[in-house]
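>>> Just a sequence and a predicted model for now, questions to come.
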Protein chains: 4
Amino acid sequence: MPQRRTDADPRAEPASLGIVAHPTGPRSQRVHEAVLLATQELLTEGGLPAATVDAIAARSGVSKATIYKHWPSRTAVAAKAFGRMMAEELPLPDTGSAVDDLTEQVVRVSAFYAGERGQVFAQLVAACVDDSAGAAYFRAYFLAGRRTAITGLWQRAVASGAADPAVPVDDAIDILFGPLIFRRLTGHYPLTEEHARTLALSALRGLLVRPAASPVARGTSGA
Amino acid sequence: MPQRRTDADPRAEPASLGIVAHPTGPRSQRVHEAVLLATQELLTEGGLPAATVDAIAARSGVSKATIYKHWPSRTAVAAKAFGRMMAEELPLPDTGSAVDDLTEQVVRVSAFYAGERGQVFAQLVAACVDDSAGAAYFRAYFLAGRRTAITGLWQRAVASGAADPAVPVDDAIDILFGPLIFRRLTGHYPLTEEHARTLALSALRGLLVRPAASPVARGTSGA
Amino acid sequence: MPQRRTDADPRAEPASLGIVAHPTGPRSQRVHEAVLLATQELLTEGGLPAATVDAIAARSGVSKATIYKHWPSRTAVAAKAFGRMMAEELPLPDTGSAVDDLTEQVVRVSAFYAGERGQVFAQLVAACVDDSAGAAYFRAYFLAGRRTAITGLWQRAVASGAADPAVPVDDAIDILFGPLIFRRLTGHYPLTEEHARTLALSALRGLLVRPAASPVARGTSGA
Amino acid sequence: MPQRRTDADPRAEPASLGIVAHPTGPRSQRVHEAVLLATQELLTEGGLPAATVDAIAARSGVSKATIYKHWPSRTAVAAKAFGRMMAEELPLPDTGSAVDDLTEQVVRVSAFYAGERGQVFAQLVAACVDDSAGAAYFRAYFLAGRRTAITGLWQRAVASGAADPAVPVDDAIDILFGPLIFRRLTGHYPLTEEHARTLALSALRGLLVRPAASPVARGTSGA
DNA sequence: GTATAATCGAGACGGTACGTCAAGTCTTATG
DNA sequence: CATAAGACTTGACGTACCGTCTCGATTATAC
């Protein structure tokens, strides 16, 4: 059962997918494709709750047993399908100013969370809590891509001299987007553009009193 | 049906609890108490998954039907029980320096998330995603208390001149703790003290390049 | 609790109803009336399943506890209410020929069973199986009246010389109507007028070969 | 889903049971058997009320969901189980005289109704009233067998010249046994051998005055 | 070509929890 | 003291989804 093993470790799979790992060749691929497509449709139509393994099996024509040979859990399937769906969405902003790009991205992600897709995102995050195998998929097929993209943004900002190179990129990312996720999950605070913009400003400038003028002003004048 | 109605709106209940609202008198209170106690035990022993309505009913001696008359969902019961459990835990630090207090609190919360209770916390947050009624309880009986406490810390920091009064407290809180929750839920980053401390520093200082020395030093001297 | 005791034995109550047994006087009567009325409405609207004790209490304005002081069970209430409803319905036929009257009555009862009220009747009979207290009420407040009426018919038939005085009236009644009830309950045979008429004929003539002409002809001529 | 569908129509199943219809093979049969066995035991121990779906599931080791895939309702399971239990009981009498056989059968059935099994029978009949799917099972797996047997008796009686060939067999059966069922269900008349014998006599001879001697005597002499 | 072995579709199954419902009992407060 | 109001226990209901398992058909390569 090469497929199972390979895919069970989501970190290993991307490299091997479709290259060597599938002795039976085309069959597994067909299954893979059909399942992810069906799952994407179901996620779109009714969110995670609709993406029942039974429903996926029915719509994809792939049997439940086969699905469980390819993925460790329902969450894993959904995570991968979701990762695919989102691959093209949310293109990175490029305003010329790296700092503005970061702010803009926070605003966009906030809007994304507030929308229908955001609901699915939240459901997936929730599902990860009690499904570590699924969580691995979510990280590998969704989060990783997002973080890579944001890392690019961040590095541009560092290169431009605006962002602080001393700040680890993981901290930067989580400080900018963690609050949004928190808000999305518990609903304790609205996800409007207004709030997102304010939040980004606070995160970028920091929470402490600064000696000089506003960072944007300073950033502009100082650059 | 005073108890039922009252409790259906989690925001309204705290004030009226046990004061006037219960015409049937002690009965409702007994039920309330028994259910929450049983739930606390179950949460401690096996987390949210163990706090089945059936299990709660069995252990508390309160019937399922009655439980569903008092709370809108399993999550709601668990949220309230958890709020109680946590009421005394996590006392606020008081080092003398407001900024150090904020940092310390981030470290403590990180440790909390990393522990067993943190698992329950994560499960509750996850459960809120598809249970808005439960989410209301979680906000009212757990989050609200936490946020109030942190707000105190923040205000001290503002008063001391270290924290930026222009930053909305909700932003401050979410910037400091949102990243931790994000990390806890998806597991994409470890929750060690080391990382927590670094994170707090980044959040406090901001992500952008600063003209002068360390924020703490500057904060102190600048005040 | 005189009302309870009195009413618990349905055979004793009819005589005493409203004469001596109710020390509280008007109050009990009001309760009695309201409950039976509400129950009648509910039975009409949705059959026995609709006549929930909660529903009866709600509609009548009489509390559940009070209802249970007056009647031993839900079935008992429904049985009595049903008995009342049916008191005036199904007047006895009077064609001049006692035998024809019996036949006609079988046909009418068959039609009754086939209708909506027949459904309620069947539900009550069913409810009696595991509720002997309710069964007593059903016998006292519904069956007794019916049997008395049919007994009259039978006695006319005997007097006219058509019916066999050697046949116990209870046998006669059950032979004529028992089959209809059986058919109504299990649905193994349709309840059409056609079938009812044939049945009545078979029951009246007997199942064995007869030496002479039709029983009716003989009955008439022989009288 | 052969088993499920097949069994959903109780009339169709008996022929196909265990012959061709089960692609999954032994599994369905095992379930079937285990459920019916457990149900039989429960019915014996505590009647229909004891044959809870939960109890059946627990005792048979078959899950509730599976039970509900095989049968439309609890009543249906019980009906089939009861049909099996009764298959061998109540052997037909054979006294030489067909008419005596009919009488004897009425007496036996009366005794059966009066006993423990009769209680279960009554409960099943009652359950049929509000469960038409269950009623179909009851007819198919219990009543049908009984009626077939009695039909044999009846045909012997007709062949012997004693029974009236003009009487439809369904009428004959219901006239002979309907009264017993009626009495059993409402309890308005005792089910003693004495009464059963009298009843049979009345049913056989008919309710009307006869010109000649007793039907038995006449039947014998007339044949 | 044919054997061999895996892959797969179909779906039965056990398990576990869900949220609901009604019966009947009991308590408190009212008149 | 009879009531109204309704909280409460009990016990069963029927459903949903998960993940495992079995069976038999299909198919791809190795012989």
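Thanks, I have it.
>>> So what touches the longest helix seen in chain A?
Identified as the longest helix of chain A according to DSSP state H is helix A:26-50. Helix A:26-50 has contacts (C-beta atoms under 8 Å, 6 or more residues apart in numbering or on different chains) with A:3, A:18, A:22, A:51-52, A:55-56, A:59-62, A:66-67, A:70-71, A:77-78, A:80-82, A:84-85, A:116, A:119-120, A:123-124, A:127, B:130. From N, CA and C alone the C-beta is placed, and that goes for glycine too.
>>> PyMOL command for the buried members of those?
The buried residues among these can be selected in PyMOL (16 or more other C-beta atoms under 10 Å in any protein chain shown) with this line:
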select buried, (chain A and resi 3+22+51+55+56+59+60+62+66+67+70+71+77+78+80+81+82+84+85+119+120+123+124+127) or (chain B and resi 130)
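>>> which residues touch stretch A:65-80?
A:1, A:3-4, A:7-8, A:10, A:28, A:31-32, A:35-36, A:39, A:43, A:48, A:51-53, A:56-57, A:124, A:127-128, A:131, A:133-138, A:141-142.
>>> List only those of those residues flagged as buried.
A:3, A:7-8, A:10, A:28, A:31-32, A:35-36, A:39, A:43, A:48, A:51, A:53, A:56-57, A:124, A:127-128, A:131, A:133-138, A:141-142.
>>> Where does chain A get nearest to DNA strand F, which residue?
A:A65 (2.9 Å; C-beta to the nearest atom of the strand).
>>> neighbours around that residue, how many?
Counted by other C-beta atoms under 10 Å in any protein chain shown, the residues lying close to A:A65 total 8.
>>> repeat for A:R197
15.
>>> thought it was touching A:V107?
Yes - here A:R197 reaches A:V107: they are 5.8 Å apart, a contact under C-beta atoms under 8 Å.
>>> Just checking the distance from the longest helix of chain A to the centre of its chain.
18 Å (C-alpha atoms, centre = their mean, to the nearest Å).
>>> Ok, stretch A:54-72 next?
On C-alpha atoms, centre = their mean, the centre of stretch A:54-72 falls 24 Å from that of its chain.
>>> Show me the domain layout of chain A.
A:2-85, A:98-210 (automatic domain parsing).
>>> Near the closest residue to chain D within chain A, how many other residues are there?
Across chain A, no residue is closer to chain D than A:D54, which sits at 12.6 Å (C-beta to the nearest C-beta). Counted by other C-beta under 10 Å, the residues lying close to A:D54 total 10.
>>> and it, what does it touch?
So A:D54 contacts A:K64 (C-beta under 8 Å, 6+ apart).
>>> Model confidence score at it, please.
A:D54 is assigned 96 on the pLDDT scale.
>>> And for A:A98?
Value for A:A98, per-residue pLDDT: 89.
>>> wait, it sits on A:I150?
No - judged on C-beta under 8 Å, A:A98 makes no contact with A:I150 at a distance of 11.9 Å.
>>> Distance check, whichever residue of chain A sits closest to chain C against A:R184.
Nearest to chain C in chain A, going by C-beta to the nearest C-beta, is A:P49, at a distance of 32.3 Å. Distance of A:P49 to A:R184, given as C-beta to C-beta, to the nearest Å: 17 Å.
>>> of the two, who's got more company?
Taking neighbours as other C-beta under 10 Å, A:P49 and A:R184 compare with A:R184 leading, 22 against 12.
>>> Distance from stretch A:69-83 to the middle of the chain?
14 Å.
>>> Alpha carbons only: can I get it in PDB?
Provided in PDB are the C-alpha atoms of stretch A:69-83 (Å, rounded to 0.1, in the frame of the first residue of the first chain):
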ATOM      1  CA  LYS A  69      -6.400   4.200   2.200                       C
ATOM      2  CA  HIS A  70      -5.400   7.500   0.800                       C
ATOM      3  CA  TRP A  71      -6.000   9.800   3.700                       C
ATOM      4  CA  PRO A  72      -5.900   9.300   7.400                       C
ATOM      5  CA  SER A  73      -9.100  11.100   8.200                       C
ATOM      6  CA  ARG A  74     -11.900  13.100   6.900                       C
ATOM      7  CA  THR A  75     -10.200  16.300   8.000                       C
ATOM      8  CA  ALA A  76      -7.100  15.400   6.000                       C
ATOM      9  CA  VAL A  77      -9.100  15.100   2.800                       C
ATOM     10  CA  ALA A  78     -10.900  18.300   3.500                       C
ATOM     11  CA  ALA A  79      -7.700  20.100   4.400                       C
ATOM     12  CA  LYS A  80      -6.000  19.000   1.200                       C
ATOM     13  CA  ALA A  81      -9.000  19.900  -0.900                       C
ATOM     14  CA  PHE A  82      -9.300  23.200   0.700                       C
ATOM     15  CA  GLY A  83      -5.600  23.900   0.100                       C
END
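>>> and that stretch with DNA strand F, contact?
Yes - against DNA strand F, stretch A:69-83 shows contacts by C-beta under 7 Å from any atom of the strand at A:S73, A:R74.
>>> so what does the helix or strand that contains A:L204 touch, helix or strand wise?
Following DSSP states H and E, one finds A:L204 within helix A:193-205. Counting contacts by 3 or more C-beta pairs under 8 Å, 6 or more residues apart in numbering or on different chains; DSSP states H and E, helix A:193-205 is packed against helix A:98-114, helix A:169-186, helix A:215-222, helix B:169-186.
>>> Looking at those helices, which is nearest to D:G161?
For the helices and strands packed on helix A:193-205, the distance to D:G161 is smallest for helix A:169-186, at 87.3 Å, taking C-beta to C-beta.
>>> Give me the pLDDT value at A:E89.
73.
>>> Now do the same contact list for it.
So A:E89 contacts A:F112, A:R117 (C-beta under 8 Å, 6+ apart).
>>> ok, now how distant is A:L143 from B:R183?
11 Å.
>>> The helix holding A:L204: how far from the chain's middle?
The chain centroid and the centroid of helix A:193-205 are separated by 20 Å, computed with C-alpha atoms, centre = their mean.
>>> Could you tell me the angle between that helix and helix B:169-186?
80 degrees (axes from the mean of the first three to the mean of the last three C-alpha atoms, to 10 degrees).
>>> contacting residues around helix A:193-205?
Contacts of helix A:193-205 (C-beta under 8 Å, 6+ apart): A:99, A:102-103, A:106-107, A:109-111, A:175-176, A:179-180, A:189, A:214-216, B:164, B:167-168, B:171-172, B:174-175, B:203, B:206-208.
>>> What subset of those is buried?
Buried among the contacts of helix A:193-205 by 16+ other C-beta under 10 Å: A:99, A:102-103, A:106-107, A:109-111, A:175-176, A:179-180, A:189, A:215-216, B:164, B:167, B:171-172, B:174-175, B:203, B:206-208.
>>> what's the single nearest residue of chain A relative to chain B sitting at in phi/psi?
Residue nearest to chain B within chain A: A:G206 (2.4 Å; C-beta to the nearest C-beta). Backbone geometry at A:G206, expressed as degrees, to the nearest 10, gives phi 100, psi 170.
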